[in-house]
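Peer 1: Give me a 3D structure for the following:
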Amino acid sequence: MKRLPSIKQLQYLLALHEHQHFGRAADACYIGQSTLSAAIANLEETMDAQLLERDHKTFIFTPLGEDVVRQARHIIEQCEELTDFAKSQGKPMTGPFRLGCIPTIAPFVLGDVMTLCRERYPDLQLLLREDTSDNSLHALGEGRLDMVLLALPYETGALHTEILAQDQFNLVLHRDWQDRGFNQDINQWPDESIFLLEREHCLSGHAVKACELEDSRKVNPFFATSLHTLTQMVNNKLGVTFMPQMAINSGVLEGTELISQPAATGNAYRDIGVAWRPTSSKARSYQLMTALIAEVLQKRCRGNG
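Peer 2: Coordinates of the predicted model:
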């Protein structure tokens with residue numbers, strides 16, 4: 001019988017690749033460093049291949065080693081899904097489901113998603129993670145998430161994506177500024193009058209594109225880390241901003257002197273959708289979760305008009 005790598009060896013390999021340090025990887029696996037080193041050496045012997053280039057104190061993964069890591073990650077993912085499938089006796093929406101979501105959607109949607117999941121799928125263990133689009137999609141590609149709820153368009157590679165709703169952008173300004181001409185061509189606004197989120201939040205890029213902002217001088221050099229910070233800046237009459245309808249519907253402007261009105265372009269919005277790995281065996285669960293999220297978004301993204 002052909003000698004094959006063990007699942008444990010592949011898990012050790014992935015831990016070493018993640019931590020890039022034998023000591024930290026061994027700690028993460030709750031084993032000794034010598035045990036980890038021996039396991040990697042045995043894996044190389046089994047495969048008859050060099051996965052690491054070593055010197056006295058450091059190492060790097062060989063190109064083949066990087067390829068093996070990618071394959072190992074897929075194998076571990078399939079093994080985890082097989083275990084979950086067996087535990088749930090093949091029933092969809094049972095067992096753990098790891099959902100990632102970006103920060104400009106999570107506060108306004110995930111509470112309703114969690115509530116509906118508990119009502120309709122009591123055997124589902126919904127595990128939530130809030131992070132940026134880049135980090136969430138990376139975790140999805142590595143099998144650490146099952147699905148990501150995000151704003152589109154966004155580069156998702158070979159992942160399967162579905163658009164579920166349109167979230168309109170609204171101009172948000174202090175009520176005392178209604179007659180300052182912000183309902184006119186955006187490129188005629190005062191320089192540095194528009195406040196946006198930090199660039200790693202895709203909301204800023206989507207807002208700039210959707211609202212047809214071509215002159216970067218209109219954007220204030222201060223970039224906020226959250227919608228709450230944006231709200232405070234605008235409430236203190238330092239400028240204006242754009243906010244998605246779902247945030248406004250959730251009451252982010254309550255207790256302020258701010259008002260919202262349609263963006264000057266009239267049809268500015270971001271698409272809200274989900275992404276998952278098309279190679280996963282959880283397709284039925286993904287379809288059911290997608291339908292549930294779409295139901296929540298239909299309510300959260302509804303305009304006031």
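Peer 1: Show me which residues of stretch 108-119 are buried.
Peer 2: For stretch 108-119, the neighbour count (16 or more other Cβ atoms under 10 Å) marks 108-110, 112-113, 117 as buried. (C-beta placed from N, C-alpha, C; glycine too.)
Peer 1: Now go through these and say which are in helices.
Peer 2: 108-110, 112-113, 117 (DSSP state H).
Peer 1: quick one on the thing from earlier: of all the buried residues of stretch 108-119, which comes closest to L64?
Peer 2: Nearest to L64 among the buried residues of stretch 108-119 is L110, at 40.7 Å by Cβ to Cβ.
Peer 1: Where do the strands of the stretch 101-250 of the chain begin and end?
Peer 2: Secondary structure of the stretch 101-250 of the chain (DSSP state E, counting those that start in this stretch): strands at 124-130, 147-152, 160-174, 194-197, 219-224, 240-244.
Peer 1: Each with direction, which strands does the first one pair with?
Peer 2: Just to be clear, that refers to strand 124-130. strand 95-101 (parallel) (DSSP bridges).
Peer 1: Buried residues, the partner strand. List them.
Peer 2: 95, 97-101.
Peer 1: so can I have JSON lines of those showing distance to I40 and pLDDT?
Peer 2: JSON lines is the format used below for the buried residues of strand 95-101 (distance: Cβ to Cβ, whole Å; pLDDT from 0 to 100):
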{"residue": "G95", "distance to I40": "31", "pLDDT": "88"}
{"residue": "F97", "distance to I40": "32", "pLDDT": "94"}
{"residue": "R98", "distance to I40": "27", "pLDDT": "95"}
{"residue": "L99", "distance to I40": "33", "pLDDT": "97"}
{"residue": "G100", "distance to I40": "30", "pLDDT": "97"}
{"residue": "C101", "distance to I40": "35", "pLDDT": "97"}
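Peer 1: Could you check the pLDDT of H17?
Peer 2: As predicted, H17 sits at a pLDDT of 94.
Peer 1: do the same with C211
Peer 2: pLDDT, C211: 63.
Peer 1: so R270, which of the three states?
Peer 2: strand (DSSP: H, G, I helix; E, B strand; the rest coil).
Peer 1: Pick the most deeply packed of the strands of the stretch 101-250 of the chain.
Peer 2: Stretch with highest mean neighbour count among the strands of the stretch 101-250 of the chain: strand 240-244 (a mean of 26; mean count of other Cβ atoms under 10 Å).
Peer 1: ok, back up a step: pull the most distant pair out of the ones in helices among the buried residues of stretch 108-119.
Peer 2: F108 and C117 (16.5 Å).
Peer 1: Same list (the buried residues of stretch 108-119) but as CSV, adding pLDDT and distance to H56.
Peer 2: Shown next, in CSV, are those (pLDDT from 0 to 100; distance: Cβ to Cβ, whole Å):
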residue, pLDDT, distance to H56
F108, 94, 53
V109, 95, 51
L110, 95, 48
D112, 96, 56
V113, 97, 51
C117, 96, 52
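Peer 1: circling back: can you redo the ones in helices among the buried residues of stretch 108-119 as TSV with distance to R73?
Peer 2: What follows is those, written out as TSV (distance: Cβ to Cβ, whole Å):
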residue	distance to R73
F108	32
V109	29
L110	26
D112	32
V113	27
C117	27
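Peer 1: Specify which member of the residues you listed is nearest to A26.
Peer 2: L110 (35.1 Å).
Peer 1: Buried residues in stretch 283-299, which are they?
Peer 2: 285-286, 288-290, 292-294, 296-297.
Peer 1: need those in CSV with distance to V240, can you?
Peer 2: Output for the buried residues of stretch 283-299, formatted as CSV (distance: Cβ to Cβ, whole Å):
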residue, distance to V240
S285, 42
Y286, 39
L288, 40
M289, 36
T290, 35
L292, 35
I293, 31
A294, 31
V296, 29
L297, 26
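Peer 1: Which of those fall in helices?
Peer 2: 285-286, 288-290, 292-294, 296-297.
Peer 1: what sits up against the lowest-mean-pLDDT helix or strand in the chain?
Peer 2: Every helix and strand of the chain was ranked by mean pLDDT, DSSP states H and E. The lowest is helix 202-210, at a mean of 69. In this structure, residues lying in contact with helix 202-210 by Cβ atoms under 8 Å, 6 or more residues apart in numbering are 102, 104, 132-133, 150-151, 154, 169, 196-199, 213, 219, 223, 242, 244, 263, 265, 268-270.
Peer 1: same check, this time on stretch 106-119
Peer 2: The contact list for stretch 106-119 (Cβ under 8 Å, 6+ apart) reads 93, 99, 101, 124, 126, 128, 130, 149, 246-247, 249-250, 292-293, 295-297, 299-300.
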